[in-house]
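Novice: Any chance you can model this:
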Amino acid sequence: MREQLTANLGVLRRLSEIDKKLIEHDVVLREVLERLQPLLNPPPEKPKRKIGFHPGNR
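Specialist: Okay, the predicted model is just below:
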């Protein structure tokens, strides 16, 4: 029974470490996504100016 308790304790510790790593990775991935978001949605382009004579423009 003691062996099972120590084995369970070891498994619980390892799961706790994995959980901490996953939380750290989530934070880093959110930062990366926030920094990439402006590149994925570039600002709209300004309309190009037409060349030549256009009546009504002064």
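
Novice: C-alpha only now, for contacts and for neighbours.
Specialist: OK.

Novice: how many neighbours does residue 49 have?
Specialist: 6 (other CA atoms under 10 Å).

Novice: Distance-wise, check it relative to residue 9.
Specialist: Going from residue 49 to residue 9 by CA to CA, to the nearest Å gives 71 Å.

Novice: Also residue 55?
Specialist: 84 Å.

Novice: Neighbour count: the two, which is higher?
Specialist: residue 9 (12 against 6).

Novice: Which element, helix or strand, includes the more buried one?
Specialist: helix 2-40 (DSSP states H and E).

Novice: tell me the mean pLDDT for that helix?
Specialist: For helix 2-40, mean pLDDT is 92.

Novice: centre of the chain versus it, how much separation?
Specialist: Relative to its parent chain, helix 2-40 has a centroid offset of 15 Å by CA atoms, centre = their mean, to the nearest Å.

Novice: And stretch 42-54, by the same measure?
Specialist: Per CA atoms, centre = their mean, the centroid offset for stretch 42-54 relative to its chain is 34 Å.

Novice: same question, stretch 40-48
Specialist: That offset, for stretch 40-48, works out to 23 Å (CA atoms, centre = their mean).

Novice: Equivalent analysis for stretch 43-58, please.
Specialist: That offset, for stretch 43-58, works out to 39 Å (CA atoms, centre = their mean).

Novice: Please export the C-alpha coordinates of it as PDB.
Specialist: Taking Å, rounded to 0.1, in the frame of the first residue of the first chain, the C-alpha atoms of stretch 43-58 are listed here in PDB:
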ATOM      1  CA  PRO A  43      -4.500  48.200 -42.600                       C
ATOM      2  CA  PRO A  44      -6.500  49.000 -45.700                       C
ATOM      3  CA  GLU A  45      -4.600  50.500 -48.600                       C
ATOM      4  CA  LYS A  46      -5.100  54.200 -49.400                       C
ATOM      5  CA  PRO A  47      -6.900  54.800 -52.700                       C
ATOM      6  CA  LYS A  48      -4.400  55.600 -55.500                       C
ATOM      7  CA  ARG A  49      -4.500  59.000 -57.000                       C
ATOM      8  CA  LYS A  50      -5.700  58.900 -60.600                       C
ATOM      9  CA  ILE A  51      -3.400  60.400 -63.200                       C
ATOM     10  CA  GLY A  52      -4.700  62.800 -65.800                       C
ATOM     11  CA  PHE A  53      -7.300  65.500 -66.200                       C
ATOM     12  CA  HIS A  54     -10.600  64.900 -64.400                       C
ATOM     13  CA  PRO A  55     -13.300  67.500 -64.700                       C
ATOM     14  CA  GLY A  56     -14.500  68.700 -61.300                       C
ATOM     15  CA  ASN A  57     -11.100  68.300 -59.600                       C
ATOM     16  CA  ARG A  58      -9.300  71.500 -58.700                       C
END
